[in-house]
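**Q** Here is my input; please provide its structure:
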Amino acid sequence: MSKDTLRFNSKTIHGGQAPDKAYGAVMPPIYQTSTYAQTTPGGHQGYEYSRSANPTRSALEQSLASIEGGNYGLAFASGLSAIDAVMKLLKPGDEVVSTNDLYGGSYRLFTKIFEDFGIKFHFVNMENPSEIEPYINSNTKLIWVETPTNPMMNIIDIQAVANIAKKHKVLLGVDNTFATPYLQQPLSMGADIVMHSATKYLGGHSDVVMGALIVNEKELANKLYFIQNASGAVAGPMDSFLVLRGIKTLHVRMQRHCENGEAIAHFLAKHPKIEKVYWPGFASHPNHEVAKSQMKGFGGMISFVAKGNNYDEAIRIVENLKVFTLAESLGGVESLAGHPASMTHASIPKAEREKVGVVDALIRLSVGIEDKDDLIEDLSQAIG
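**A** Numbers count the residues shown, from 1 in each chain. Predicted coordinates:
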């Protein structure tokens, strides 16, 4: 059986991988080296300098391509450096249509860095894909999508957006961090570029910072490889090893994240002191049917607002949690809670945040893989 034909759960362990050629090590070694011996100038075994390529990073990039169903993977120093590389495909005067409910770091990169270089961004409600086309013109070069979105858990129809992108001959990039390739694979739905903050679910243990891009087209891959090498924001060998190790348990972790997420979403929805819960698994979610069609589960990310929509109440709840940890980030084995308005989305102006529902009382949960009853008891005591 070819490793290319393996099912997803097997690809996380074997996809793109082979025993190390030197000694047959099952796990790729950590090649902690900056340079490589050459027999003659330019005469090397595929590696000359670790900014350009490193065997541990190469093993990870092959795994990333395999689990996303792509042909080429690139590992970056962070998720934002991966997005930065995509933006460097553009030039002054180009335009980007992006999700209006967007991770704060992405919004900051777009508006505080690349707008100054003459790139124009349109932030659009993409829950209805027909809202996108009025913003596309001859200068549009990229559509940038998050789904589920951060932190409002909105769902965007990837296939419908891909059809629009192809109609207008523009690139489609999808931030697949929340869903992971376990739940959805945007390349199979027509996306050109898939991005991950591998810091999150791919690494899975809150011990590494890394980003990733996966593409199918060789020409696009070569452009991104050139940008990566020229700009230098590459993942180091130790971090590459850690994420590769994390990927090997992605499928079993995601199963538990989804199970626990569902239990907690329903607990919160029934709680008398909770006003609103954002989770795409509810039949009442505006794009629940889209989520069902393009995802194989609804993930472990949930946002909610306590009754009264009160900032002080939100702070009281997150400060009283004992099992959930109040911290930035998401996607680790441990459960985390965050206050988007003052943490992950603080870089977005208050008026812009509130337009899409990121109110001061919103709490975001990254539900881990602990016993779900312990997590529910912790939320119950914190909410009171």
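**Q** What is the longest helix that the chain contains packed up against?
**A** Within the chain, and with DSSP state H defining each element, the longest helix by residue count is helix 250-270. Taking 3 or more C-beta pairs under 8 Å, 6 or more residues apart in numbering; DSSP states H and E as contact, the helices and strands that helix 250-270 lies on are helix 8-14, helix 180-183, strand 274-278, strand 301-306, helix 372-383. Using the backbone N, CA and C atoms, a C-beta is placed for each residue, glycine as well.
**Q** so what's Ser240 up against?
**A** Residues counted as contacts of Ser240 (C-beta atoms under 8 Å, 6 or more residues apart in numbering) are Asn54, Thr56, Arg57, Ala59, Leu60, Ala75, Met210.
**Q** Could you give the number of residues near the first one?
**A** Using other C-beta atoms under 10 Å, the number of residues around Asn54 comes to 25.
**Q** Pretty sure it sits against Tyr36.
**A** No. At 9.3 Å, Asn54 and Tyr36 do not qualify as touching, with contact defined as C-beta atoms under 8 Å.
**Q** where do the contact lists of the two overlap?
**A** With the criterion set as C-beta under 8 Å, 6+ apart, the overlap between the contacts of Asn54 and Tyr36 is Tyr47.
**Q** Ser78 versus the nearest residue to Trp144 once chain neighbours are set aside, what's the distance?
**A** The shortest distance from Trp144 to any residue other than its chain neighbours is 4.3 Å, reached at Ser98 (C-beta to C-beta, 6 or more residues apart in numbering). Relative to Ser78, Ser98 is positioned 19 Å away (C-beta to C-beta, to the nearest Å).
**Q** Next: Thr249.
**A** Thr249 sits 22 Å away from Ser78, taking C-beta to C-beta as the criterion.
**Q** between those two, which one's more packed in?
**A** Of the pair Thr249 and Ser78, Ser78 is the one with more neighbours under other C-beta under 10 Å, namely 18 against 15.
**Q** sorry, back to before: between the contacts of Ser240, which sits nearest His196?
**A** Met210 (8.5 Å; C-beta to C-beta).
**Q** Against Ile155, how distant is that closest one?
**A** Counting by C-beta to C-beta, the gap from Met210 to Ile155 is 26 Å.
**Q** out of the two, which sits in the more crowded spot?
**A** Met210 (28 against 24).
**Q** Which phi and psi values does the closest residue to the more buried one other than its chain neighbours adopt?
**A** For Met210, ignoring the flanking residues on the chain, the nearest one in space by C-beta to C-beta, 6+ apart is Ala198 at 4.1 Å. Reported as degrees, to the nearest 10, the phi and psi values for Ala198 are phi -70, psi -10.
**Q** So Ala198 is in contact with Arg245, correct?
**A** No. Under the contact definition of C-beta under 8 Å, Ala198 does not touch Arg245, with a separation of 11.9 Å.
**Q** quick one: which of these two has more around it?
**A** With neighbours defined as other C-beta under 10 Å, Ala198 and Arg245 compare such that Ala198 has more, 32 against 16.
**Q** Fine, thanks again, bye for now.
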